[in-house]
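> Next come a sequence and a model predicted from it.
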Amino acid sequence: MPAKKVKRFFKKYIVDALSHMAFGLFCSLILGLIIGQIAKIPGLDFLQFISEALSAKSPLVGACIGLAIAHGLDCAPLVIISSAVAGALGYEFGGPVGAYISVIIASEIGMLVSKKTPVDIILTPLVTIVAGGLFAKYCCSPINDFMIWLGSLINDATKLSPFLMGILVSVLVGCALTLPISSVAICVMLGLDGLAAGAATVGCCAQMIGFAVISYKDNGIGGFISQGVGTSMLQIGNIVKKPIIWLAPTLTAAILGPVSTVVFKMTNSSLGAGMGTSGLVGPLATFASMTEAGAAPGLLVAKIAILHFVAPALIALAIHFLMKKAGLIKKGDMKL
């Protein structure tokens, strides 16, 4: 396969599809988690039913994934709407990864017949839904089993070797967050949890808070907020031009990963693992996960503040200062 086709394939089905899958996850599972925490506030318990409707077992999650991916692939309207059903079926038989693959298969087959016949309003959704449904039923379960096995392997390895795996998981997931692929989709599909998810969260926070503070002089308060609670992916253009600017946040992730797994023993769920401080989902998910496990709320808030905000800022600034003194980076390198 020619290099251009490989590049086009990677961009469409990995970068674009996974990125839009993350939107679907955010508008369902992750938002359900946030609403669930809000519903615990006295007087706001009437919101609990929304959180329950958006739980991990709900077909609405698969439907949202389907709509998001099909929209990201620039499909025709009938294919996009039908992909909600394909996504729900894929999610039922194969979880998030099942929804992801089923929708790609369904939408591509649906586009082959879209607007090709006088009975488009019947044929297009029929073909899209049947293609996605058949693939979901007969192919998604083994794929999902493999992803669960791989995720369990990472989770178990982190328990057995928390120092080394703390570094690896923190750095790799943090870098995935900054790259134009979806760290949250990867974490959800793998089912990361426990110490591994805690390390992943810290790695993402290191990237976001790290870039926010070291680029403050270049971008001001607007850039600080957009990276600190938005996404460090904004820096990808500058990273391509000058990769060394990525070093400070990445080293910060490598330092704090084992601190999370060995010293603070932070845990999380797969929903918050790949989000970092984006929308404060990572810290909120950490709080929800660890309080359910019996952690004292007061002490936990202090741990989250240190590992997710204070330590990433201070360590990244220190590394950035040394790099600037050495002439490795200069003002304007991280200008958005």
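Great, that's in hand.

> Nearest residue to the middle of the protein?
The chain has residue 184 as the residue nearest its centroid, 1.3 Å off, counting by CA atoms, centre = their mean.

> pLDDT score for residue 228?
Residue 228 carries a pLDDT value of 92.

> Now do the nearest residue to it once chain neighbours are set aside against residue 257, distance only.
With CB to CB, 6 or more residues apart in numbering as the criterion, residue 228 has its nearest non-adjacent residue at 3.6 Å, and that residue is residue 212. C-beta: built from backbone N, CA, C; applies to glycine. As defined by CB to CB, to the nearest Å, residue 212 lies at a distance of 19 Å from residue 257.

> hmm, back to that, tell me how far the residue nearest to the centre of the chain lies from residue 204.
9 Å.

> so when I look at the residue nearest to the centre of the chain, I'm seeing a strand, right?
No - according to DSSP: H, G, I helix; E, B strand; the rest coil, residue 184 belongs to no strand; its state is helix.

> from now on call the first residue 107
OK, 107 is where the count begins now, so the last one is residue 290.

> How about it, nearest residue that isn't a chain neighbour?
residue 380 is the one closest to residue 290 (CB to CB, 6+ apart), at 3.7 Å.

> any weak-confidence spans in this protein?
107 (pLDDT under 70).

> can I see the domain layout of it?
109-253, 267-431 (automatic domain parsing).

> follow-up on the earlier one: touching, the residue nearest to the centre of the chain and residue 375? I think so.
No - with contact defined as CB atoms under 8 Å, residue 290 and residue 375 do not form a contacting pair (11.3 Å).

> what's residue 374 sitting at in phi/psi?
phi -160, psi 180 (degrees, to the nearest 10).

> Distance check, the nearest residue to it once chain neighbours are set aside against residue 367.
Leaving aside its chain neighbours, residue 374 sits nearest to residue 303 (3.8 Å; criterion: CB to CB, 6+ apart). Remark: distance between residue 303 and residue 367 (CB to CB) = 10 Å.

> Also residue 441?
35 Å.

> Between these two, which has more neighbouring residues?
With neighbours defined as other CB atoms under 10 Å, residue 441 and residue 367 compare such that residue 367 has more, 28 against 13.

> how close does the more buried one sit to residue 150?
For residue 367 relative to residue 150 (CB to CB), the value is 34 Å.

> that older thread, show me what the host helix or strand of the residue nearest to residue 374 packs onto, helices and strands only.
Assigned by DSSP states H and E, residue 303 falls within helix 300-320. Taking 3 or more CB pairs under 8 Å, 6 or more residues apart in numbering; DSSP states H and E as contact, the helices and strands that helix 300-320 lies on are helix 226-266, helix 268-284, helix 289-296, helix 322-334, helix 353-364, helix 376-379, helix 387-398, helix 417-431.

> For the ones you listed, give me TSV that also has distance to residue 178.
Putting the helices and strands packed on helix 300-320 into TSV (distance: least, CB to CB, whole Å) gives the following:
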stretch	distance to residue 178
helix 226-266	16
helix 268-284	18
helix 289-296	12
helix 322-334	21
helix 353-364	27
helix 376-379	20
helix 387-398	20
helix 417-431	30
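
> from those helices, which stretch is densest packed?
With neighbours taken as mean count of other CB atoms under 10 Å, the helices and strands packed on helix 300-320 reach their highest mean count in helix 376-379, at a mean of 30.

> and it, how far out from the chain's middle?
7 Å (CA atoms, centre = their mean, to the nearest Å).

> Can you list the neighbours in contact with stretch 224-242?
Contacts to stretch 224-242, defined as CB atoms under 8 Å, 6 or more residues apart in numbering, come from residues 172, 182, 184-185, 187-189, 191-193, 195-196, 198-200, 204, 207-209, 211-213, 215-216, 218-221, 223.

> Output it as CSV, restricted to C-alpha atoms.
C-alpha atoms of stretch 224-242 as CSV (Å, rounded to 0.1, in the frame of the first residue of the first chain):
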residue,chain,number,x,y,z
PRO,A,224,-34.5,6.3,-5.8
VAL,A,225,-35.3,4.4,-2.5
ASP,A,226,-32.3,6.0,-0.6
ILE,A,227,-34.4,6.8,2.5
ILE,A,228,-35.0,3.0,2.9
LEU,A,229,-32.0,1.4,1.4
THR,A,230,-29.2,3.5,3.1
PRO,A,231,-30.3,3.0,6.7
LEU,A,232,-31.2,-0.6,6.1
VAL,A,233,-27.8,-1.4,4.6
THR,A,234,-26.0,0.6,7.3
ILE,A,235,-27.8,-0.9,10.2
VAL,A,236,-27.7,-4.5,8.9
ALA,A,237,-24.0,-4.3,8.1
GLY,A,238,-23.1,-2.9,11.5
GLY,A,239,-25.4,-5.2,13.3
LEU,A,240,-24.1,-8.4,11.7
PHE,A,241,-20.5,-7.3,12.3
ALA,A,242,-21.3,-6.5,15.9
